[in-house]
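> Take a look and give me a structure for this.
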Amino acid sequence: MKIIEVIADKGHEDTINGIAEQYAIADIWWGPELEGPHRNVRLLVGTDRRQKVMNALQSVLQSSDYYRIVIIPVESVLPQPDSDASEKDASTAAKPATISREELYSEVSRGATLDSNYLLLVVLSTIVATVGLIEDNVAVIVGAMVIAPLLGPNLALALGTALGDRALIRRSLATSLAGMGLALALSLGIGLLWPADPASGELMSRTEVGIASMVLALASGAAGVLSLTSGVKSTLVGVMVAVALLPPTATIGLMLGIGQWGYAANAAVLLSVNVVCVNLSANLVLMWRDVRPRTWAETREAHLSLFISMLIWVAAFLALAVFILYPAT
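Predicted coordinates for the structure are as follows:
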């Protein structure tokens, strides 16, 4: 459960009370009367109906000159509200709990921010990954995987596609390309100055790709987005390790640095598999979770965006599968 705090014109009091009554929200607290034109109210809302309440509040308040809706985390509620079990109807009980679109957007969109912190994380994780690959040290490589700066933009790209948010899509693509380009350039430079041994087990493992790699990336990407939409992010570290994007990128640079073009190409295939499968599985989970914009017009544009994206990712997935199953001789 979380608290939704609303600051709005006093004229919306009856409407907000009506929304609380419509969605059977028993816990609603109005703040004290203020001298100005606004008043605040707090509603304790469960996960199963938070999106509906948010949509209703935005529909009512969007014409106001000023309003704010703030979602406040709740660690615990005592005594436990009886409404948790009684409020759910049959259709709601059959659907898995999903955090609101706004919470998901706030969580995921941060990964698409191209700033000095992101670039520094890419530099540091690339250094850690390349050292681990050259020294054949799996513990060091796992450390680079957990940092995982390249995974965030791909999850943000999937969400932007599901919402038809062109600005988020552009930001995600720019951030992802900048991160991969920086990691590739840095690992290439390290490879030229500190030549890697191509016989390194960890290095060679990033040049081997098969159908199992595709299945792993699909399952892990789906698990990551599922954990985000559920509000349970404990599985994200496992996803970062399973579909790590930085070690294959670093492998490309290191192999190019020692002139191993074939191995570099194989690492590029693995990187492509991870990127394609993460985005494809993320889009599928967001479709299943029914993550979409609030208004009809925005939903229509989002459907077109999602349709085009799915065509691209499915085509890329099939092309990679054919390439892996029937390699050129």
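
> shaky segments in the stretch 51-200 of the chain?
81-97 (pLDDT under 70).

> hmm, try it at 50
Along the stretch 51-200 of the chain, the parts satisfying pLDDT under 50 run over 84-94.

> Tell me where it has helices.
Remark: helices assigned in the stretch 51-200 of the chain by DSSP state H, counting those that start in this stretch are 83-86, 90-94, 101-109, 116-135, 138-147, 151-163, 166-193.

> From residue 181, how far out is the residue most central in space within the chain?
Centroid check for the chain by C-alpha atoms, centre = their mean gives residue 155 as the closest residue, at 3.2 Å. In this structure, residue 155 and residue 181 are 19 Å apart, going by C-beta to C-beta, to the nearest Å. Every C-beta, even on glycine, is put in place using the N, C-alpha and C of the backbone.

> got it, and residue 218?
As judged by C-beta to C-beta, residue 218 and residue 181 stand 26 Å apart.

> Look at those two and report which has more neighbours.
Of the pair residue 218 and residue 181, residue 218 is the one with more neighbours under other C-beta atoms under 10 Å, namely 20 against 12.

> Now name the helix or strand holding the more buried one.
In the assignment (DSSP states H and E), residue 218 maps to helix 211-230.

> With residue 7 instead?
Going by DSSP H and E, residue 7 is part of strand 2-9.

> who does that strand touch, helix- and strand-wise?
With contacts taken as 3 or more C-beta pairs under 8 Å, 6 or more residues apart in numbering; DSSP states H and E, strand 2-9 sits against strand 38-45, helix 50-61, strand 68-73.

> Adjacent strands (with direction) for that strand?
strand 38-45 (antiparallel), strand 68-73 (antiparallel) (DSSP bridges).

> most packed of those strands?
Highest mean neighbour count among these (mean count of other C-beta atoms under 10 Å): strand 38-45, with a mean of 19.

> Now do it against helix 50-61, angle only.
With axes from the mean of the first three to the mean of the last three C-alpha atoms, to 10 degrees applied, the angle from strand 38-45 to helix 50-61 works out at 160 degrees.

> Pull up the gap between residue 214 and residue 315, please.
Distance of residue 214 to residue 315, given as C-beta to C-beta: 14 Å.

> ok, the two, which is more surrounded?
More neighbours surround residue 214 than the other of residue 214 and residue 315, with 20 against 11 (other C-beta under 10 Å).

> so who does the more buried one touch?
Counting by C-beta atoms under 8 Å, 6 or more residues apart in numbering, residue 214 touches 273, 277, 317, 320, 321, 324.
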